[in-house]
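Trainee: What would the 3D arrangement of this be:
(one chain, ligands or ions: 2)
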Amino acid sequence: MKRLIPLINPLKAPGRALKKWLTKPSSNAPLTIIPRDHHSISRSQISESALKVLYRLHKAGYQALLVGGGVRDTLLGMQPKDFDVATNATPEQVAKLFRNSRLIGRRFKLVHVVFGREVIEVATFRAPPSEEHSAKQSATGDQGMILRDNVYGSKDEDAMRRDFTVNALYYDIADFSVHAYAGGWDDLKHQRLRLIGDPEVRYREDPVRMLRAIRFAAKLGFSLEQETERPIAMMAPLLQQIPPARLFEEILKLFLHGQAEQTFEQLLHYGLFAELFPQTAEQLQHDDFCQALVRNTFANTDVRIRSGKSVTPYFFLAALLWPTVNQRMQQLQDKGMPPQQALHKAAERVIAQQARTIAIPKRFSIPMKEIWELQLRLPKTRSRRCEELLSHPRFRAAYDFVLLREQSGEELDGLGQWWTDFQAQHGPVTPSRSDNDKPRKRRPNRRRSPRRN
Ligand code: ATP
Ligand code: MG
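Mentor: Numbers count the residues shown, from 1 in each chain. Ligands and ions are numbered 1, 2, ... in the order given. Below is the predicted model:
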């Protein structure tokens, strides 16, 4: 069933004549202006901090608009993840206005204005990079990838630098109108994801846009417009150019928005998954258990997120790589290596191989290895140290992992049930995975991977 989108104020939906009046051609792309009474955004839906930033910029005489997901999601009746602001003030001018701000990024300069744990990202309008600008301001790699993007421009130019039409929606604090470019308003109404400009050029500029296409389609329940979809399968290998640290940030966003299962199927469909997790993709081809494990992992992740529980990336990463680790471990054991040592070696190799595409920080790879190691210890149910294991910081995750393996078809001789009973007898024990591994208190820095390159 299609969702009803409260994008338009139903009391005052624009009539035909009005609509005509609202749309006017701008330098590059048609701009549609939707006045305050004709869309559904109200200031009460915008965070106080974002409003403060918008008002202060406006009072100082600059243009100040909310842009991107903050506008898109609010129009769709969803809670935005964060609020981004676009302005014609330079980063230095923005920084001067806010004591609680810092300049970040070199390739894509931005200002973060910090309010406790909330960070409002303020970006200066970008213009298309051109030859007349120095290499210091803008740079493009051999294959068309944008390496630096610091040429400032107008709002119209800025809109054309954004990825999808529904991400080029602006909410102007000067008169509370919404500005939509390149058919973004229609695309939002028709739940369509469309890249601005020539899709091949745009994917080449920044191959991460392919992942963003899959993510937004799954998260918003939108379909990919034909031209936006067509080049993806062919261009998927371009992801190899992306620094592994940036891809790590992207996979967190891909799998932690509550639609991981669908996202996974789409990544697989377009050949993107193999670029991200080559070892797992290989394993998926001939291993039914791996297929079930990966699908169950994402399905469980979605259930947890939708019911408001937290999830830890190391759990799903441990699951994605487990079949390969397990296979390597068996091979080493067949050669006579003791199990612990074989696991250790297999784990190191698989993680090192994975790091070529996605750099998993130590704070995640260490708990992944602990979960795997506990898979060797949990079957020793006759050991006197069982009770000790209950207080292992990774016990709960390792126990969940056993259940997941069983759920995915592995025959473990009732191991999950044994530990369920054991905990019932010896409980209350460790808090659940969600409580045990509450995300570390976030520092007020909204870590962003540099955009557009
Ligand atoms: P969400 O915050 O829910 O992930 P978002 O659309 O706000 O969605 P952000 O990554 O926060 O996405 O980026 C904010 C805006 O910046 C986007 O809406 C888009 O206009 C622009 N943008 C971000 N990344 C890119 C990119 N790689 N190429 C072009 N434009 C981008
Ligand atoms: Mg955002």
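Trainee: closest point of the stretch 51-200 of the chain to ligand 2, which residue?
Mentor: Closest contact between the stretch 51-200 of the chain and ligand 2, by C-beta to the ion, is at Gly69 (3.6 Å). Just so you know, the C-beta spots here come from the backbone N, C-alpha and C atoms, and that holds for glycine as well.
Trainee: Excluding chain neighbours, what is closest to that residue?
Mentor: Leaving aside its chain neighbours, Gly69 sits nearest to Pro80 (5.3 Å; criterion: C-beta to C-beta, 6 or more residues apart in numbering).
Trainee: same question, Gln79
Mentor: Asp73 (6.7 Å).
Trainee: ok so, going back, measure the residue of the stretch 51-200 of the chain closest to ligand 2 to Asp82 for me?
Mentor: For Gly69, the distance to Asp82 equals 7 Å [C-beta to C-beta, to the nearest Å].
Trainee: check contacts around Leu110.
Mentor: Contacts for Leu110 (C-beta atoms under 8 Å, 6 or more residues apart in numbering) come out as Pro91, Leu103, Ile104, Glu121, Val122, Ala123, Arg448.
Trainee: Which of these has the largest number of neighbours?
Mentor: Per-residue neighbour counts (other C-beta atoms under 10 Å) across these peak at Val122, which has 25 neighbours.
Trainee: close enough to count as contact, that residue and Phe83?
Mentor: No: with contact defined as C-beta atoms under 8 Å, Val122 does not reach Phe83; the gap is 10.1 Å.
Trainee: ok, residues contacting the host helix or strand of Glu348?
Mentor: Here Glu348 sits within helix 339-354, counting by DSSP states H and E. With C-beta under 8 Å, 6+ apart as the test, helix 339-354 has contacts from 277-279, 321, 324-326, 328-330, 332-333, 337, 360, 365, 368-369, 372-373, 376.
Trainee: and it, C-alpha only, in CSV?
Mentor: The C-alpha trace of helix 339-354 is given here as CSV (Å, rounded to 0.1, in the frame of the first residue of the first chain):
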residue,chain,number,x,y,z
PRO,A,339,41.4,-24.8,16.9
GLN,A,340,42.2,-21.6,18.9
GLN,A,341,45.3,-20.9,16.9
ALA,A,342,43.5,-21.7,13.6
LEU,A,343,40.6,-19.3,14.5
HIS,A,344,43.1,-16.6,15.5
LYS,A,345,44.9,-16.9,12.2
ALA,A,346,41.8,-17.2,10.1
ALA,A,347,40.3,-14.1,11.8
GLU,A,348,43.4,-12.0,11.2
ARG,A,349,43.5,-13.0,7.5
VAL,A,350,39.9,-12.4,6.8
ILE,A,351,39.9,-9.0,8.6
ALA,A,352,43.1,-7.9,6.8
GLN,A,353,41.5,-8.9,3.4
GLN,A,354,38.3,-7.0,4.3
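Trainee: Could you pull out the buried residues of it?
Mentor: Neighbour counts over helix 339-354 (16 or more other C-beta atoms under 10 Å) mark Ala342, Leu343, His344, Ala346, Ala347, Val350, Ile351, Gln354 as buried.
Trainee: just how off-centre is it within its chain?
Mentor: How far helix 339-354 lies from its chain's middle: 28 Å, per C-alpha atoms, centre = their mean, to the nearest Å.
Trainee: Which is the succeeding secondary structure element to it?
Mentor: helix 362-377.
Trainee: Against which helices or strands is that following helix packed?
Mentor: Contacts defined by 3 or more C-beta pairs under 8 Å, 6 or more residues apart in numbering; DSSP states H and E place helix 362-377 against helix 313-334, helix 339-354, helix 395-407.
Trainee: where in the stretch 251-400 of the chain is pLDDT low?
Mentor: Across the stretch 251-400 of the chain, nothing is flagged by pLDDT under 70.
Trainee: How about it: which residue is closest to ligand 2?
Mentor: Taking C-beta to the ion, the stretch 251-400 of the chain has Lys253 as its residue nearest ligand 2, at 9.9 Å.
Trainee: ok, now how distant is the residue nearest to that residue when sequence neighbours are not counted from Val166?
Mentor: The shortest distance from Lys253 to any residue other than its chain neighbours is 6.1 Å, reached at Arg215 (C-beta to C-beta, 6+ apart). Applying C-beta to C-beta, the value for Arg215 to Val166 is 13 Å.
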